[in-house]
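1. sequence plus the predicted model coming up.
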Amino acid sequence: MRRRMLFSTLVVTVIAVLLLGLPLGALTYTTIYSQAERQLEQEARVIAAEIDSELQDQNEIDQDRLTQVHPHRYIEIRLSSGEVLTAGGWQIDPRRPEAPRTVSASAPSMSGATVTVWRDASRVREGVIQAWLGIASLSLLAIGVAVGLAMLQARRLTLPLVDLAATAERLGSGIVTPWGHRYGISEADRVAEVLDRSAERIAGLIATERHFATDASHQLRTPLTALSMRLEEIIAEADNPETVREEGEAALAQTERLVDTVESLLGRARKSQQSGTAPIDIDAALDEFTSEWGPILSSDGRQIVVTGERGLSACIPATDLTQILASLVDNARRHGAGTVTVRVLDGGGSVRIEVSDEGPGVPEEIAGRIFEREVTGGNGTGLGLALARHIAESEGARIELIQTRPTTFALFLPPPGSGSATPPSSSPV
């Protein structure tokens, strides 16, 4: 592109110089020769006046004096009587075969004589050539300046394209940080803005996919463990058809919940959660939840207990409630000790579900940041509580750490007919 711009600029400049230079050269030629002829005509008038004076005073013309005064001119004086007198440099005599090219002019005298003056045209040609050289020099200077400006302009126009190509290459290689470069060229700036917006969108998509992958890995790990335990139970009780049937039905139910969990995570990652959730029965959801988590905690020598009020309902998808409680119970399983207690309370403006354990509690240094990603007090991933809060807030619910020793989390669910839960503000104790 740069080469094309330089070539096109050079062609345009040369054409412009020729269109201006050739007429200017012709005009210069005509002007210089016209000036030479006017100068000779003026000299002829002066000589004619001198002749009139000499004829009046001496009745003769001093040819030697004219030759001395005008050595580089050839002068011909044609008197009224027809006599022709000559003076000046004989080398310029146009009648000589070897005479140089000349320029001439004539002027009449008062006595009736005609004076014609010739001069060597080589001096005039030298003036024309010098003028043409000046025009050519200016033309070359103009071409040089134009090429220089074209190089600067080509650099100014091509560098943004090179930079934009590098930005596109970075996007293609997975580096999706917006570059933020602007070039002062509206077209290039618009392309840069589009690339920056594309980088932001791609970065958002990549972050969404990464979050989905990590969230799915975290949320599916325990249910898959529970499913594996049920399958092992089926294998162990292969001779007991009744147990196999019960465990198989439970495994199918867990599989359906896994599918619902994946769809919920995928829908949330794609920002496609549906509004207007129908109320769910808290008791039924907790019974299903404990049937899945009871065996897991039992394998660790622990148990889960559900207490509190019965017969409550809330506006939250059952899958989301299960995921939130799974994160809280899994946190108690990994970082707590003893019995995990799930307590259901009617908070008036919301349904409150507390999850606590009998462990040492939450370290004070992380209590204020416990819902942030990758913040953990042990060997965990630091994803579960952050994901639980994100799911809760996306459904108009709230989750808080209301007590650090023993660890107690409270989940505030919106009641039927309410858009969101508004729990009273509380600080960790």
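-> Sure, I can see it.

2. secondary structure of Ile399: a strand, I assume?
-> Yes. Counting by DSSP: H, G, I helix; E, B strand; the rest coil, Ile399 is located in a strand.

3. so it bridges to which residues?
-> Leu411 (DSSP bridges).

4. separation between Ser298 and Leu258?
-> 20 Å (Cβ to Cβ, to the nearest Å). No exception for glycine: its C-beta is placed from N, CA and C like everyone else's.

5. sorry, that was for Ala113
-> Counting by Cβ to Cβ - Ala113 and Leu258 are separated by 129 Å.

6. neighbour-wise, which of these two wins?
-> Ala113 (22 against 17; other Cβ atoms under 10 Å).

7. need the pLDDT of that one.
-> The per-residue pLDDT reported for Ala113 equals 88.

8. what residues does it make contact with?
-> 48, 51-52, 55, 77-80 (Cβ atoms under 8 Å, 6 or more residues apart in numbering).

9. which of those are buried?
-> Using 16 or more other Cβ atoms under 10 Å as the burial test, the contacts of Ala113 include 48, 51, 55, 77-79 as buried.

10. quick one, strands of the stretch 1-150 of the chain?
-> Counting by DSSP state E, counting those that start in this stretch, the stretch 1-150 of the chain has strands at residues 73-78, 84-88, 102-108, 114-120.

11. can I get the ones you listed in JSON lines with distance to Arg245?
-> Listed next are these as JSON lines, based on distance: least, Cβ to Cβ, whole Å:
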{"stretch": "strand 73-78", "distance to Arg245": "137"}
{"stretch": "strand 84-88", "distance to Arg245": "141"}
{"stretch": "strand 102-108", "distance to Arg245": "129"}
{"stretch": "strand 114-120", "distance to Arg245": "131"}
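
12. among those strands, which comes closest to Ala36?
-> For the strands of the stretch 1-150 of the chain, proximity to Ala36 was assessed by Cβ to Cβ; strand 102-108 is nearest, at 5.1 Å.

13. list of residues touching the closest one?
-> So strand 102-108 is contacted by 33, 36-38, 40-41, 43-45, 47-48, 74, 92, 94, 114-121, 124 (Cβ under 8 Å, 6+ apart).

14. check stretch 163-181 too.
-> Residues contacting stretch 163-181 (Cβ under 8 Å, 6+ apart): 160, 183, 188, 191-192, 195-196, 198-200, 202-203, 206.

15. that one spans what distance, first to last residue?
-> Terminal residues of stretch 163-181 lie 9 Å apart, using Cα to Cα, to the nearest Å.

16. and it, how far out from the chain middle?
-> 8 Å (Cα atoms, centre = their mean, to the nearest Å).

17. what comes up buried for it?
-> Buried, per 16+ other Cβ under 10 Å, within stretch 163-181: 164, 167, 171, 176, 178-179.

18. which of these lies closest to Thr408?
-> For these, the nearest to Thr408 is Val176 (40.9 Å; Cβ to Cβ).

19. what's the distance between stretch 288-303 and the middle of its chain?
-> 54 Å.

20. what are the ranges of the helices in the stretch 51-200 of the chain?
-> 63-69, 121-172, 186-236 (DSSP state H, counting those that start in this stretch).

21. residue ranges with poor pLDDT in the stretch 301-429 of the chain?
-> 377-382, 417-429 (pLDDT under 70).

22. quick one, which of the strands of the stretch 1-150 of the chain is nearest to Pro223?
-> Of all those, strand 102-108 comes closest under Cβ to Cβ, at 112.0 Å.

23. now the angle from the closest one to strand 114-120?
-> Angle of strand 102-108 versus strand 114-120, following axes from the mean of the first three to the mean of the last three Cα atoms, to 10 degrees, is 160 degrees.

24. from the centroid of the chain, which residue is nearest?
-> With distances taken as Cα atoms, centre = their mean, Ala192 lies nearest the centre of the chain, 2.3 Å away.

25. what sits against that one?
-> 160, 164, 167, 179, 181-183 are the contacts of Ala192 under Cβ under 8 Å, 6+ apart.

26. from those, which one has the minimum pLDDT?
-> Trp179 (72).

27. redo the contacts of Ala113 as JSON lines? Include distance to Ile61.
-> JSON lines is the format used below for these (distance: Cβ to Cβ, whole Å):
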{"residue": "Ala48", "distance to Ile61": "11"}
{"residue": "Ile51", "distance to Ile61": "6"}
{"residue": "Asp52", "distance to Ile61": "10"}
{"residue": "Leu55", "distance to Ile61": "7"}
{"residue": "Ile77", "distance to Ile61": "6"}
{"residue": "Arg78", "distance to Ile61": "12"}
{"residue": "Leu79", "distance to Ile61": "8"}
{"residue": "Ser80", "distance to Ile61": "13"}
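
28. which among those residues gets closest to Ile304?
-> Ala48 (136.1 Å).

29. for the closest one, which non-adjacent residue is closest in space?
-> Counting by Cβ to Cβ, 6 or more residues apart in numbering, Ala48 lies nearest to Ser109, which is 3.6 Å off, once chain neighbours are set aside.

30. repeat that for Val306.
-> Val306 sits nearest to Val342 (Cβ to Cβ, 6+ apart), 4.7 Å away.

31. so what's the one you found bridging to?
-> With DSSP bridges as the rule, Val342 is bridged to Val306, Val355.

32. can you count the residues close to it?
-> 22.

33. same check, this time on Phe371
-> By other Cβ under 10 Å, neighbour count at Phe371 equals 19.

34. can you check the one 4 residues further on too?
-> Val375: 15 surrounding residues under other Cβ under 10 Å.

35. doesn't it lie inside a strand?
-> No. Per three-state DSSP, Val375 lies outside any strand segment and is coil.
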